[in-house]
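Chemist: here are the coordinates; sequence isn't available:
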C-alpha cells in the first residue's frame, strides 16, 4: 500500500464504517481492515491519519486501531507469518515517541500503550535508545511532554511488579536504573519545588500532581524486585518528600465530586502503597522512617470521610497498617490494649459499614458488586482492607481482638433485633465482622480451610443465618439474604453436612429472588456445594439425597435465566452444568424440555457472544445432556442432532469465531456416539472442514483435528469411496500442521487416524510423499515433541502394513535409509516415548521389525538387530527419558499474541483414549517372547547366538523372564 492520499481516503472511509452500529456495515469494514493489515505501509498510513486527519473521531479511531494492530502482530512467533515488515518496524520505532509526545492526551494514551507493547518485545536489545530518547524530554520543562514520558515509562516498567526473577530481568532493571533513576529523582525534587511555587494556581497544580502520582507509581515498579542501591542511598530524599505529601492538604485540589477520587487522593494512595512495600520487603532499611509513616497514615484514616472518592486511599492506608501489624518486629507498636481498641473502633468498624453507595451498587450495578464481593476483585474496597487488617491483627493478638469484636457483634445484633426494618445494616456489618474474624485461610475450591477457634460458626449459623434463609419472603432484606447465602458458601467446609443438606432446598428457593445478587449467590452456593467431596472422593451430596429437590432445582435454575439482568448469568449457567454433572441419569426425563431451552439460549447468544464464561458453561451443559442421555440410550443421538444442527449451521455460516471450537467439539462427541457409519448430514459438512481459512485460527485446530479423526474412525472406507477427491485436502491439512512446532502433534494425530482407518489402497499413492515431508521437517527442526510423535507414527505404520512394507518404503526414498532411521532415531530416542498406548504401539512395531523383517537377519542391517532389541527392553524396563534439550522452549499455543479465540477444552466433551492395537495384544512383553520363539524356529541357532554375543547381561535377564512368562524357548 503506497503512502498516498487515495489510500488515506480509503482507510478513513473504512475506519468510519467500523464505528457504525449496524453490523451489516461494520463487519465488512472490519474484515477489510483485517485483510489489508499484512500490507507494507499499513501501520504508517494509520500513524499518518492519527497525526494529520482533520476529523478528531478518525484520529482517535486510527490510534485505537493502530494499538490493537501492534498488540496482535508485533510479537514474532515461530512458524507464524510475520505481518509487519522490517522497514515498517524501523519506521514505527523511529517516529512513535515523538508522535506520542506531540499528540493530544486521548491519542497519547493509545500510543503510550503501543510503545509499551513494542517495548515488551524489543526493549532493550532491539530498541536500545528508547530510554535515552525519553529521559532527554524531562529537560523540556513542558509537563504535557513529561507526563507522556512518565505514562509510557509506567506502562513499560509495570511488569517488573509481577515478573519472575531471572538474570535477564535483573540486567534489564539495572540498565533502566542506570539511565532512569537519577533523572527521575531530580524530576521528583523539581516537581515538588514547582508545587510550592504554584501553590495558588489550580491548573498548574493539577498537571504537577498528575506527574507526582506517575513518579510515585514508577518508584513502586523500580523498587519492587529488590531495593536498588541508588534508592537506598537516596531514601532520605524520597521518604521525607513522600511523608510531606501525605500530610499535605491543598484546598485547590479538593473536589466536589463524591464518587471520583481526586489527584490528591490518588497520590496519597500510591504513597501508602510505596510505604507498605518498604515496610514489608525492606523493613531494616525503612525502620527509621516507619513510626512517622504510621502516625501520618493513622491520622489520615481518622480524619478521612466515608465518601466513595476516598475508598482507594482508605483501603491502601488500612493495607499499610495490615502489612505492618503482622511483622514480628513492629509488634510492639500494637501491643497496648488501648491501641487495639482504638484501631477496632476508629478504623475497622467504621469501614465495615454497608454504605448507601454499596446499597446502590447492590441494586443497580449487581455485576460489579458480585465481581468485587465474590471474586475478590474487591482488593481496593474498604471492607476487604478492614478484613485484612483484622486477619493481620489476629496473627499476634487473636484473643484480645476477638474479645473486642465479640462485644461489637453482640451490640450490633441486638440493635438489629430492636428494629429489623430500620437497623438491618447493623446485622450485615456483624456478619461481615464474624466472617473476617473467623476466616484464617481460604481457597477457591474449599472456601474457608482454617478458622479462628474462638468463633463458634455452627452456633452462629443456627441462630443468625438459618432464620434469614428460612424467611418466607425471599425478596425481603435481600442484602441480609445474600449475606446468609455467602456465609454458607464460605464456611461450607466447616459446617456439618446435615446443616448443608438443610440449606440446599432453601438455596433452591432463593433462586427465585428478584435481586440479581441474591439469586446469583444462591446459584453459586449450590454449585460450590455440589463440588464438595466426601469420604472416598465421591461427592459429599449425592444424587439420591437430591432426588426430592431435583425438579424444583432444574425448574428454578432455568427460570432464573429469565430474570431481569440474568439472561447471561455465568453463575447460573455454571450451576446448571454442575447440577447435570451431579444428578447424572436423574436428569434424563427432563432433557427433552431442557435441551430446547439450552439451544434457544445458544441461538440468542451466538448473535453477539459477549460473556465467555457463560458460553463455556452453556456448551458444557449441552455436552452433559448428550453424554448422560446417550449413555442410557445411544439411539437418542439423532434427536440431539435435530435440535442442535440448525443452530450449529447458523453459527458456521455466520462464522461466529468464538463458538466454532465449541461446535466442533460437540459435533465430535455426537459423531463418536454413532455406530460405525457417518450420517449424510455430517458427510455434507466434511468438505467445509478442510477449508484453509478455518485452519488459520489456532483455537480451531485441536477440535477440528478431533472432528476429522471422528470422521475417519466412523467412516474411513466411505470417505475413500465417496469422497476420494478430498484425500489430498486431508493430507494438505496434515502438511500445514506438521510444519508448525506448536501444532505438529495435531498433524500426527490426524496422520495416525488416516493410516489406521483408511483402506490401504486409497492412500498408496500418497505414502512416499508423507514420509518425504516428515524427513524434511526432521532436517529443518528436530524437536523432542516431533521425534516422539514420529516414533509412534513409524511403529503404527509397521503394525498396520508390516515390517517389510516399512523397510521398503524407507529404502525406496533413499538406499539404506531404513538403517539410518533405526540407528539415528529409533534406537537412541525410543526411551523418550511417553503414554501407555504410545509405548505399546512402539513395542509392537519394534517387535515386528525384529522378527518379521528378513532384511534385519541377513543384510548390513543385521548389526542393528541386537541394539534395537536392547532399546525395546529398555522401553519396557527403564524409566522414561523426559529430558528436553536446553534450546527447546516450546511456545504455548495460548501464548500466541493478538485476539485469537483460544482453544477452550470442554471438560465434558472429552474423548476416551483410543488404543489402535486393542485386545489383539494384551502384554507386549509376551508378544516379544512369542515372536522371538517363532523367529528362532524359522532359523535355528541364529537368535541365541546373536543374543549371547552382544546383548548386555541385565537385558538378557529381563528377556529370559519374558520367555518364561510366555512358556516358550529359543531354538
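Modeler: Ah, there it is. The shown structure was predicted, so the numbers you read here are calculated from the model rather than taken from an experiment.

Chemist: can you give me how far the helix or strand harbouring residue 805 is from the chain middle?
Modeler: Using DSSP states H and E, residue 805 sits within helix 803-813. Relative to the centre of its chain, helix 803-813 is centred 45 Å away, using C-alpha atoms, centre = their mean, to the nearest Å.

Chemist: Also stretch 945-959?
Modeler: 51 Å.

Chemist: Just read off the phi/psi values of residue 494.
Modeler: Taking degrees, to the nearest 10, you get phi -100, psi -20 for the backbone angles of residue 494.

Chemist: for it, what are its contacts?
Modeler: Applying C-beta atoms under 8 Å, 6 or more residues apart in numbering to residue 494 gives the contacts 447, 448, 451, 457. Where you see a C-beta, it was placed from the backbone N, CA and C, and this is true even at glycine.

Chemist: other SSEs contacting the longest helix belonging to the chain?
Modeler: Longest helix in the chain by number of residues (criterion: DSSP state H): helix 382-418. Contacts defined by 3 or more C-beta pairs under 8 Å, 6 or more residues apart in numbering; DSSP states H and E place helix 382-418 against helix 311-325, helix 337-343, helix 349-352, helix 420-438, strand 439-443.

Chemist: any idea which of those is most buried?
Modeler: The highest average neighbour count among those, using mean count of other C-beta atoms under 10 Å, belongs to helix 311-325 at a mean of 24.

Chemist: Mean confidence (pLDDT) on that helix, please.
Modeler: Summarised as a single mean, pLDDT over helix 311-325 is 93.

Chemist: what does stretch 46-60 give?
Modeler: The model assigns stretch 46-60 a mean pLDDT of 94.

Chemist: Tell me the buried residues in the longest helix of the chain?
Modeler: 382-394, 396-398, 400-402, 404-405, 408-409, 412-413, 415-416 (16 or more other C-beta atoms under 10 Å).

Chemist: Now it: average pLDDT?
Modeler: The pLDDT scores in helix 382-418 average 91.

Chemist: for residue 65, helix, strand, or coil?
Modeler: Three-state assignment for residue 65 (DSSP: H, G, I helix; E, B strand; the rest coil): helix.

Chemist: Now it: closest residue in space, sequence neighbours ignored.
Modeler: Nearest residue to residue 65, sequence neighbours excluded (C-beta to C-beta, 6 or more residues apart in numbering): residue 46, at 5.9 Å.

Chemist: which other residues reach the host helix or strand of that neighbour?
Modeler: Remark: residue 46 resides in helix 42-52, with elements defined by DSSP H and E. The contact list for helix 42-52 (C-beta under 8 Å, 6+ apart) reads 1, 3, 7-8, 11-12, 15, 36, 58-60, 62-63, 65-66, 69-70, 84, 88, 91-92, 95-96, 99, 103, 107, 111.

Chemist: Just the buried ones from the residues you listed?
Modeler: 7-8, 11-12, 15, 58-60, 62-63, 65-66, 69-70, 84, 88, 92, 96, 99, 103, 107, 111.

Chemist: related to what we said a few turns ago, against residue 499, how distant is the residue nearest to residue 65?
Modeler: Noted for residue 46: a distance of 61 Å to residue 499, by C-beta to C-beta, to the nearest Å.

Chemist: Between those two, which is the more surrounded one?
Modeler: A direct count of neighbours by other C-beta atoms under 10 Å for residue 46 and residue 499 places residue 46 higher, at 25 against 17.

Chemist: how about the strands in this protein?
Modeler: 439-443, 447-451 (DSSP state E).

Chemist: quick one: which of those is nearest residue 790?
Modeler: strand 439-443 (42.0 Å; C-beta to C-beta).

Chemist: Any regions of the chain where pLDDT drops low?
Modeler: Along the chain, the parts satisfying pLDDT under 70 run over 376-379, 441-443, 885-902.

Chemist: Now residue 177: closest residue in space, sequence neighbours ignored.
Modeler: Nearest one to residue 177, counting by C-beta to C-beta, 6+ apart, is residue 228 at 5.2 Å.

Chemist: how near is that neighbour to residue 284?
Modeler: 16 Å.

Chemist: give the contact list for the closest residue to residue 460 other than its chain neighbours.
Modeler: Excluding the flanking residues, the one nearest residue 460 by C-beta to C-beta, 6+ apart is residue 434, at 5.9 Å. Contact analysis of residue 434 by C-beta under 8 Å, 6+ apart lists 409, 455, 460.

Chemist: Count residues in the vicinity of the last one, would you?
Modeler: Residue 460 has 20 neighbours, counted by other C-beta under 10 Å.

Chemist: can you check the one 4 residues further on too?
Modeler: As a burial measure, the neighbour count of residue 464 was computed by other C-beta under 10 Å and equals 20.

Chemist: before we move on, what about residue 589?
Modeler: Residue 589 has 10 nearby residues by other C-beta under 10 Å.

Chemist: Would you mind measuring from it to residue 631?
Modeler: Remark: distance between residue 589 and residue 631 (C-beta to C-beta) = 15 Å.

Chemist: just residue 448 next, same as before
Modeler: For residue 448, the distance to residue 631 - C-beta to C-beta - is 36 Å.

Chemist: The two: who's more crowded?
Modeler: Under the neighbour definition other C-beta under 10 Å, residue 448 and residue 631 were set side by side, and residue 448 has more, 21 against 13.

Chemist: Now distance to residue 609 too, for the helices and strands packed on helix 382-418, in TSV please.
Modeler: Output for the helices and strands packed on helix 382-418, formatted as TSV (distance: least, C-beta to C-beta, whole Å):
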stretch	distance to residue 609
helix 311-325	33
helix 337-343	48
helix 349-352	39
helix 420-438	36
strand 439-443	31
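
Chemist: Out of the ones you listed, which is closest to residue 961?
Modeler: The nearest among the helices and strands packed on helix 382-418, by C-beta to C-beta, is strand 439-443 at 47.1 Å.

Chemist: Cheers, nothing more for now.
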